[in-house]
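Participant: just a sequence and a predicted model for now, questions to come.
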Amino acid sequence: MEITANVLLAVGASPAMCDTPSESADFAAIASAVLINAGTPTRDQYEGMRQAIQGATVAGTPWVLDPVAVGALQERTDFAREILQFAPHAIRGNASEIVALAGLGSGGRGVDATDDVAAALPAAKQLAVQTKGVVAISGESDFIVSAHQVTKVDSGHPLMPIVIGTGCALGALTAAYLGAAHIRGIAAHDAVVAAHAHTGAAGMVAGESARGPGSFAPAWVDALYNLTPEHIAELVTVQEVSSS
Amino acid sequence: MEITANVLLAVGASPAMCDTPSESADFAAIASAVLINAGTPTRDQYEGMRQAIQGATVAGTPWVLDPVAVGALQERTDFAREILQFAPHAIRGNASEIVALAGLGSGGRGVDATDDVAAALPAAKQLAVQTKGVVAISGESDFIVSAHQVTKVDSGHPLMPIVIGTGCALGALTAAYLGAAHIRGIAAHDAVVAAHAHTGAAGMVAGESARGPGSFAPAWVDALYNLTPEHIAELVTVQEVSSS
Amino acid sequence: MEITANVLLAVGASPAMCDTPSESADFAAIASAVLINAGTPTRDQYEGMRQAIQGATVAGTPWVLDPVAVGALQERTDFAREILQFAPHAIRGNASEIVALAGLGSGGRGVDATDDVAAALPAAKQLAVQTKGVVAISGESDFIVSAHQVTKVDSGHPLMPIVIGTGCALGALTAAYLGAAHIRGIAAHDAVVAAHAHTGAAGMVAGESARGPGSFAPAWVDALYNLTPEHIAELVTVQEVSSS
């Protein structure tokens, strides 16, 4: 939660963490966007997430599902599939999580990606069609998948997967970009691509100065804060992929 | 919680986080000071906070209320107002939270300060009289308000509000200073001023070397650890304000 | 939890935090090792820990008990003593916690070590015999105690105790080393010694560049990531102590 909040503040968003059933719906209604992160949930948090989704749905607030460890653990797999019916505006996970969420594979052991990113494309496409939303598969290359568009984003740094919270923070940045795009009438697909490009570009900058995963984390937050759109565009390769 | 604990350790305090109903009262009785932080509470944590306040009251332990997001969310607003009757020795919040806690305004959207710090002075004075305690309004300038004294503290750095936990850590440092002052017979008002001066001076030092909010956080903890009273006094402007 | 996860990732482990009763047993069964950390538990987390221990026991997964603040707080003292019957493969605590867990002393005020490390040796020996496991007492020198072997490890840095999570992270590293040793048929005693040596050596390296506890933390994670076995062996003094 700490790095997620810091990353959101670094890019100019105003994060608030709220997971109590009694406050979630109210909060989701006044927020610009909502992130539902399925990591380490308690009973109350499951109920809080359901309330937040309801609040977001009623208020028309865009929301993002991050299906952490879905596939590896039964309860959160059931929960994540249940809330798919409420049509998240975006889903962000690693290949194993996306495959398991779509019901097409067995998933990994926790949060590691054991499935290949490219192999998860059919699962992402199925989820995108089902939810009418955007599905992002995170990995060495990221794939952003909508019903009629697939975009490949190449960026990032090998230290990123061994810094805790970079994946969760990417989910949160996806929500922030989606909220900002919603207000400005920018397409959700482009917002999700931009979130991944900003995150990965910051990783490339941080990787230049980091002496290990410990110093990578603050350098990454600094880069998220300092990067200009022009610098991001220079660093990241964004490529439209022919959609099957 | 992590940065709060690190900040307390950096200034020589011995933090322990405890939010379970069954342990809170015992812990509050042996602690030198207690911080009640209303951020993201679960049902159990509400009960744990009530128990801690009771334990602190019976034992005569000074305690601090940090009314996080009070005004923005109904349940914690009700809770914070309910516990006002137990007379916290100090309250620390931003202008919106202080105004909402006093029942004089509508509050902001989460933890952002939407009300002006100076405009919150009447609310702070009202709360100080009601609780016979010290009320601190955090902002670009901090105002420390007691029934018959108002002190303005100018310090800090523009990066501080975009590093998560700096506000919560200030609440915790207020509790640490209050506990130390209580033992030494130093006035609570002066202890709260000192906590804000130390925190803000460390922000000024950190701001000199930080390349963004990511590197600001560890530099700030380093500065809290390294600063001498003399150096703090050089950096910070403390001014008595004529009390209305 | 954040620094614990980062430290595990830095040494090549794959951490997953899971504390819900409904998921803990399943997770413990597929994990290589389990850490039971008694810090700030909720009711659900107590139940989650019991389930994890059961899952680990059935699957033969090594597990570590970190008796945080045992002795200072009654409920977690009762809990930690209750689960001793399930024979943790390793226990890691400071002198006060080990003495209190063995029922031989009153413990400290929270997580500070008020008992002398060497004075806790009889308590550690008693626990090692009772559980047929390894008991580590953390302090300026660490003592690793099995029924018939006592090893003294000298390493670390004075800033370590004032960085939150270094103790908890050491518990987690103990679990990681124990899991890796279990698979390779290496003695549990040696695994626990290695975990303490790696942790302390990284502290020595971090202490060279740190300007305070804030910059110590990322430097320590970097060092855990970068250190070679040869470099650890150069930095740390490991000594067999005649077992009484």
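Facilitator: Structure received.
Participant: hey, let's count contacts and neighbours off CA atoms from now on
Facilitator: Fine.
Participant: which parts of chain A are helices?
Facilitator: A:2-10, A:21-30, A:43-59, A:74-83, A:95-101, A:121-131, A:166-184, A:188-209, A:213-226, A:229-235 (DSSP state H).
Participant: adding distance to chain B and mean neighbour count, write those out as JSON lines.
Facilitator: Listed next are these as JSON lines, based on distance: least, CA to the nearest CA, whole Å; neighbours: other CA atoms under 10 Å in any protein chain shown:
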{"stretch": "helix A:2-10", "distance to chain B": "5", "mean neighbour count": "23"}
{"stretch": "helix A:21-30", "distance to chain B": "7", "mean neighbour count": "22"}
{"stretch": "helix A:43-59", "distance to chain B": "8", "mean neighbour count": "20"}
{"stretch": "helix A:74-83", "distance to chain B": "20", "mean neighbour count": "16"}
{"stretch": "helix A:95-101", "distance to chain B": "28", "mean neighbour count": "30"}
{"stretch": "helix A:121-131", "distance to chain B": "29", "mean neighbour count": "21"}
{"stretch": "helix A:166-184", "distance to chain B": "13", "mean neighbour count": "23"}
{"stretch": "helix A:188-209", "distance to chain B": "11", "mean neighbour count": "22"}
{"stretch": "helix A:213-226", "distance to chain B": "4", "mean neighbour count": "26"}
{"stretch": "helix A:229-235", "distance to chain B": "16", "mean neighbour count": "14"}
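Participant: JSON lines for those, including mean pLDDT and distance to chain C?
Facilitator: Shown next, in JSON lines, are the helices of chain A (pLDDT from 0 to 100; distance: least, CA to the nearest CA, whole Å):
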{"stretch": "helix A:2-10", "mean pLDDT": "90", "distance to chain C": "8"}
{"stretch": "helix A:21-30", "mean pLDDT": "82", "distance to chain C": "16"}
{"stretch": "helix A:43-59", "mean pLDDT": "89", "distance to chain C": "8"}
{"stretch": "helix A:74-83", "mean pLDDT": "90", "distance to chain C": "7"}
{"stretch": "helix A:95-101", "mean pLDDT": "94", "distance to chain C": "15"}
{"stretch": "helix A:121-131", "mean pLDDT": "96", "distance to chain C": "24"}
{"stretch": "helix A:166-184", "mean pLDDT": "94", "distance to chain C": "11"}
{"stretch": "helix A:188-209", "mean pLDDT": "98", "distance to chain C": "12"}
{"stretch": "helix A:213-226", "mean pLDDT": "97", "distance to chain C": "4"}
{"stretch": "helix A:229-235", "mean pLDDT": "98", "distance to chain C": "25"}
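Participant: present these as TSV; the columns should include distance to residue C:41.
Facilitator: Output for those, formatted as TSV (distance: least, CA to CA, whole Å):
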stretch	distance to residue C:41
helix A:2-10	19
helix A:21-30	20
helix A:43-59	15
helix A:74-83	21
helix A:95-101	29
helix A:121-131	37
helix A:166-184	24
helix A:188-209	34
helix A:213-226	27
helix A:229-235	43
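Participant: for residue B:79, which of those helices is the nearest?
Facilitator: Residue B:79 lies closest to helix A:21-30 among those, at 12.7 Å (CA to CA).
Participant: for the closest one, packing partners?
Facilitator: Helix A:21-30 sits against helix A:43-59, helix B:74-83, with contacts defined as 3 or more CA pairs under 8 Å, 6 or more residues apart in numbering or on different chains; DSSP states H and E.
Participant: quick one: the longest one to helix A:74-83, angle?
Facilitator: Between the axes of helix A:43-59 and helix A:74-83, defined by axes from the mean of the first three to the mean of the last three CA atoms, to 10 degrees, the angle is 10 degrees.
Participant: if we can go back for a sec, just put the helices and strands packed on helix A:21-30 in CSV and tack on distance to residue B:226.
Facilitator: Formatted as CSV, those follow (distance: least, CA to CA, whole Å):
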stretch, distance to residue B:226
helix A:43-59, 40
helix B:74-83, 35
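Participant: could I get the phi/psi values of the residue sitting furthest away from the middle of chain A?
Facilitator: Residue farthest from the centre of chain A, counting by CA atoms, centre = their mean, is residue A:211 at 26.6 Å. Per-residue torsions, residue A:211: phi -100, psi 10 (degrees, to the nearest 10).
Participant: ok, and the closest non-adjacent residue to it?
Facilitator: residue C:222 (6.3 Å; CA to CA, 6 or more residues apart in numbering or on different chains).
Participant: looks like that neighbour contacts residue A:162 (just checking).
Facilitator: No. Contact criterion CA atoms under 8 Å: residue C:222 and residue A:162 do not qualify, at 11.3 Å.
Participant: common neighbours of the two, please.
Facilitator: A:213, C:10 (CA atoms under 8 Å, 6 or more residues apart in numbering or on different chains).
Participant: find the centremost residue of chain A, please.
Facilitator: The centroid of chain A falls nearest to residue A:171 when counting by CA atoms, centre = their mean (2.4 Å).
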